[in-house]
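Participant: Build me a model:
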Amino acid sequence: MATLSELLQSCLTQFTSLISSTLCEHTDQIALQDWKDELGRLHVWAANIGAHQTSLSSLDYRLKDASHIKSQIVRLLERVRELLTDLAEVIDEEEDDSSQENAFEGLEDILEDGHQQ
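Facilitator: You can find the predicted model right below:
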């Protein structure tokens with residue numbers, strides 16, 4: 001199983017890549033600043049809980065006795081990563097507007113769930 005730090009880094013890399021290239025072309029649907037704001041929130045969340053840390057200060061280490069919480073965070077990060085991949089595929093394939101809206105809405109829902117936790 002990947003560490004929380006690795007999962008987070010994967011999400012951040014994917015998100016940054018989408019913002020710097022693909023999403024720039026779709027500002028008529030969602031403003032680029034909105035995506036940058038969400039990426040910023042993910043960075044703040046990660047910094048606040050030490051999700052990007054390694055060794056004894058890592059979130060993995062601190063949750064070693066709380067596997068149910070760690071599992072939930074892993075599921076959320078994996079879901080964010082899946083949605084970012086789906087979003088990239090939808091945009092690359094230039095599918096119809098309803099498919100794009102579903103991908104955007106799914107990502108927004110996951111990000112909102114993450115804010116509530």
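Participant: Look up the closest residue to residue 69, ignoring the ones flanking it.
Facilitator: residue 63 (5.6 Å; Cβ to Cβ, 6 or more residues apart in numbering). Backbone N, C-alpha and C define where each C-beta goes, glycine included.
Participant: That neighbour is in contact with residue 70, isn't it?
Facilitator: Yes - contact status for residue 63 versus residue 70: in contact at 4.1 Å, counting by Cβ atoms under 8 Å.
Participant: what touches both of the two?
Facilitator: Counting by Cβ atoms under 8 Å, 6 or more residues apart in numbering, the common neighbours of residue 63 and residue 70 are residue 4.
Participant: in the protein, which spans are helices?
Facilitator: Counting by DSSP state H, the chain has helices at residues 4-20, 32-49, 59-62, 67-93, 97-116.
Participant: Give me the neighbour count for residue 82.
Facilitator: Per other Cβ atoms under 10 Å, the neighbour tally for residue 82 reads 14.
Participant: nope, residue 57 is what I was after
Facilitator: 10.
Participant: what does residue 72 give?
Facilitator: Counted with other Cβ under 10 Å, residue 72 comes out at 13.
Participant: Next: residue 104.
Facilitator: Using other Cβ under 10 Å, residue 104 has 20 neighbouring residues.
Participant: Show the pLDDT at residue 44.
Facilitator: According to the prediction, residue 44 has pLDDT 95.
Participant: Report the central residue of this protein.
Facilitator: With distances taken as Cα atoms, centre = their mean, residue 80 lies nearest the centre of the chain, 4.0 Å away.
Participant: List the contacts of that one.
Facilitator: Here residue 80 is in contact with 11, 42, 107, 110-111, 114 (criterion: Cβ under 8 Å, 6+ apart).
Participant: And residue 42, by the same measure?
Facilitator: 11-12, 15, 80, 111, 114.
Participant: One more: residue 36?
Facilitator: Contacts here follow Cβ under 8 Å, 6+ apart; on that basis residue 36 touches residue 19.
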